[in-house]
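Novice: My questions concern the predicted model and sequence given below.
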Amino acid sequence: MPQDITNAIDVRQAVKRYGDFTALKTISLSIHDNEFFTLLGPSGCGKTTLLRMIAGFEDVTEGEIFLYGEEIENLPPDKRPVNTVFQNYALFPHMNVLENVSFGLEMLGKSKSEARTRAGEILELVQLSQFGARKPLQLSGGQQQRVALARALAPQPKVLLLDEPLSALDLKLRKAMQLELKHLQRETGITFIFVTHDQDEALTMSDRIAVMSAGELQQLGDARDIYEKPANRFVADFIGETNLIDVIVKSKDGDRVLCEFPNGLTLTCDAVDEMDVGKTGHMSIRPERMKLHQTQVEAENFKGKVVENVYAGTDVQTIVHLQNDMKLAVRTQNSDTGKAMIFDPGTDVFVDVEFGSARLLAS
Amino acid sequence: MAGGAASGGSTQGDTYKEARNWLLLPAWVTLSILVLLPVLLMLVYSFLTKEFRGGVIWEFSLGAYDQFFFDRGLFGDEPPKLEWTYITIFWRSIWQAGLATILSLLIGFPTAYYIATRSEKVRPLWVFLITIPYWVNLLIRTVSMRFMLREEGPINNALVWSGLADSPIQMINTNFAVQIGLFYSYLPFMVLPIYAAVERYNFSLSEAASDLYASKWTTLRRIVLPSVRPGVVAGCILVFVPSMGAFLAPDLLGGAKNFMIGSLIEEQFKGNAGNWPFGAAASMILLSLVLIILTLYARQQARANKAGA
């Protein structure tokens, strides 16, 4: 099969089994050159296994992996021009920071002085120049994280693999590192493959995201795609917050589908998946895509009663009870002008679902 | 090796301080009686005058040390020359023990590494298997090693039978036999500390090294070995020190030619022919030598740590 040499990584029909347990079920995906690509999923979904297969730490049970057109799945890790930032950093404790960062360059046959010079430049890039002589244990978690990053970047890998590198940092530092990673990726032009279970992190940093669950690829797309057009119930639920409602297709009119909720209410939405009348599916409505009104503004508005308001800084989450025990979560942006949109508990309201924001999912 | 004591309790202030001192008392008493007193006794004996049928006369003398280092002729009236006999025995002990330590390390390290990388379930079983031979008395094991190595023994029989050797190879009563005996006696002391160190080793460091283009061998040399070095050093000390003073293996496997310091000391206290002050002096010299080696190591270690900080 001719290979596309412009793709950084091509995973073809890759399967990973441990004895009877299948960790990865036939995954195929392409990662473009110079892309910030994220493998996102809950723990145990196979994302780290896939990353370790690309790095060479795990054998590929079936299938192939190509790096810029070159087949690599049978090469040992030290023969693959990719480098990894490990979750626990895995810095060499008996070497100082400079020695850690220059290790890979020395292994590639660079002279000691050349390796040290280049390591010094990389340390400057991650703002750690003055820490070269320190041992890893004398650094803070955030600094260790940067050393791990510098060490993996120093040999100028064709692809940089990052295995949940920010999970051990506190929120503020994590946010700062997210931006820094994004800048580094732009600056170096190296393809980044980033593994995380944190959807915020994935949405903020990635050019494209592969959402995984139970060893399978659920959806591949950019942040907007997977947030606004989730392919299935799992993606809709995993990415961001959403109201997931079981529905039955009542009637179809071209691209429009009329769905009925368990409580008898109906809503018209776009048909995305091909679904026949009478079929059951799921409807996903994002809380921020609904508005509360005192009076009915559209024919399909739901009548309900405010039960609870949860103040969350930038917005307020309101729980609304509809007829027959159905609940909806609605988010309202916090602003002076929007104040009128927030109602006290006990108030009767109408919920307006923006057209196009309710998404019907077959599975 | 130091620094393990200051872990728990010290933050509790004075509450437990007194209790702790009392709890340590039995250990102090036992160690004093069993370790400190005998050593002091030997130190004193080494400066006394010998009694001809064993035992000592309570009279200060440097005779034992003089006899160790100087030759003053048969009647003791010639000008002193350096006495090489005992220094040679010491020197032989050092390199015999050294070779046995190297042999133990070469065999013990892969063994320990293998055990430490098995699944957690089977590791205790492997450790147990390593200790099984030590349920048999050391003397019995050394004697059976003699049977194994002798000319009509199973090893030579197998060599001749398989055609690897034309005639039985002389193995018993050689330095080689002594090293094998020492190696066999003290191998677990090498395996167990290294096992403990490798078990604690973070194997993602090896992954990181191979990810950074290091070969398996380079990873072992530059990442694994430095990380498990305390275990390796402990193992080497635990094999080297008892090997230096061993007398069973040299006696039973080495024969008269391969006399070691342990046998020399043993002879001085055996039967009526012994010379107690001389045996005590040889023990003190052995002890000093070991302490000097350990101190040098500790110094070098401290310097290395300082340089790293």
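Specialist: Good, I have the coordinates. Residues are numbered from 1 along each chain as shown, chains lettered A, B, ... in the order given.

Novice: How about the contacts made by residue B:177?
Specialist: Contacts for residue B:177 (Cβ atoms under 8 Å, 6 or more residues apart in numbering or on different chains) come out as B:145, B:149, B:171, B:253, B:254. Yep, even glycine has a C-beta here, placed from its N, CA and C like the rest.

Novice: oh sorry, the question was meant for residue A:193
Specialist: By Cβ under 8 Å, 6+ apart, the residues touching residue A:193 are A:9, A:31, A:37, A:38, A:39, A:51, A:54, A:159, A:160, A:161, A:162.

Novice: Most neighbours out of the contacts of residue B:177, which is it?
Specialist: residue B:253 (28 neighbours; other Cβ atoms under 10 Å in any protein chain shown).

Novice: hang on, it in a helix?
Specialist: Yes: membership of residue B:253 in a helix is supported by DSSP: H, G, I helix; E, B strand; the rest coil.

Novice: And the pLDDT at it?
Specialist: We note a pLDDT of 89 for residue B:253 in this prediction.

Novice: just the one 5 residues further on next, same as before
Specialist: Per-residue confidence (pLDDT) for residue B:258: 74.

Novice: From residue B:18, how far out is it?
Specialist: Distance of residue B:258 to residue B:18, computed by Cβ to Cβ, to the nearest Å: 54 Å.

Novice: Over to residue A:103?
Specialist: Distance from residue A:103 to residue B:18, by Cβ to Cβ: 51 Å.

Novice: and if you look at residue A:46?
Specialist: The gap separating residue A:46 from residue B:18 is 58 Å, by Cβ to Cβ.

Novice: out of the two, which sits in the more crowded spot?
Specialist: The neighbour comparison of residue A:46 against residue B:18 (other Cβ under 10 Å) goes to residue A:46, with 22 against 9.

Novice: Name all residues that make contact with the more buried one.
Specialist: Contacts for residue A:46 (Cβ under 8 Å, 6+ apart) come out as A:16, A:23, A:24, A:27, A:212, A:214, A:215, A:216.

Novice: residue ranges of the strands in chain B, please?
Specialist: B:48-50, B:56-60, B:70-71, B:81-82 (DSSP state E).

Novice: Pipe these into a markdown table and attach distance to chain A and mean neighbour count per row.
Specialist: As requested, the strands of chain B are exported to a markdown table (distance: least, Cβ to the nearest Cβ, whole Å; neighbours: other Cβ atoms under 10 Å in any protein chain shown):
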| stretch | distance to chain A | mean neighbour count |
| --- | --- | --- |
| strand B:48-50 | 50 | 19 |
| strand B:56-60 | 51 | 12 |
| strand B:70-71 | 47 | 14 |
| strand B:81-82 | 44 | 9 |
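
Novice: tell me the phi and psi of residue A:45?
Specialist: phi -90, psi -10 (degrees, to the nearest 10).

Novice: what about it, how many neighbours?
Specialist: Residue A:45: 24 surrounding residues under other Cβ under 10 Å.

Novice: Please apply the same query to residue B:114.
Specialist: Other residues lying near residue B:114 total 13 when counted by other Cβ under 10 Å.

Novice: Now do it against chain A, distance only.
Specialist: Distance of residue B:114 to chain A, given as Cβ to the nearest Cβ, to the nearest Å: 20 Å.

Novice: Can you name the residues that contact that residue?
Specialist: For residue B:114, the contacting residues are residue B:126, by Cβ under 8 Å, 6+ apart.

Novice: how near is it to residue B:215?
Specialist: Per Cβ to Cβ, residue B:114 is found 20 Å from residue B:215.

Novice: Same question for residue B:155.
Specialist: To residue B:215, residue B:155 is 36 Å away according to Cβ to Cβ.

Novice: Same question for residue A:202.
Specialist: Using Cβ to Cβ, residue A:202 is found at 35 Å from residue B:215.

Novice: Tell me which of these two has more neighbours.
Specialist: residue A:202 (25 against 14).

Novice: thought the more buried one was touching residue A:41?
Specialist: No: here residue A:202 does not reach residue A:41: they are 9.5 Å apart, not a contact under Cβ atoms under 8 Å.

Novice: ok, residue B:232 touching residue B:105?
Specialist: Yes: counting by Cβ under 8 Å, residue B:105 is a contact partner of residue B:232 at 7.0 Å.

Novice: circling back to that earlier point, need the strands of chain B in TSV (columns: mean pLDDT).
Specialist: Formatted as TSV, the strands of chain B follow (pLDDT from 0 to 100):
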stretch	mean pLDDT
strand B:48-50	89
strand B:56-60	87
strand B:70-71	88
strand B:81-82	86
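
Novice: can you list these in TSV and add distance to residue B:141?
Specialist: TSV is the format used below for those (distance: least, Cβ to Cβ, whole Å):
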stretch	distance to residue B:141
strand B:48-50	34
strand B:56-60	34
strand B:70-71	38
strand B:81-82	38
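
Novice: Between those strands, which one is closest to residue B:97.
Specialist: For residue B:97, the closest of these is strand B:81-82, at 23.1 Å, according to Cβ to Cβ.

Novice: Can you give the contact residues for that closest one?
Specialist: B:69, B:70, B:71, B:72.

Novice: one more time with 6 Å, if that's ok
Specialist: Residues outside strand B:81-82 that contact it (Cβ atoms under 6 Å, 6 or more residues apart in numbering or on different chains): residue B:71.

Novice: For the stretch 101-250 of chain A, which residues are neighbours of chain B?
Specialist: Counting by Cβ under 6 Å from any Cβ of the partner chain, the stretch 101-250 of chain A comes close to chain B at A:103, A:104, A:107, A:108.

Novice: thinking again about what came up before, of all the strands of chain B, which lies closest to residue A:149?
Specialist: With Cβ to Cβ as the measure, strand B:81-82 is the member of these nearest residue A:149 (63.5 Å).
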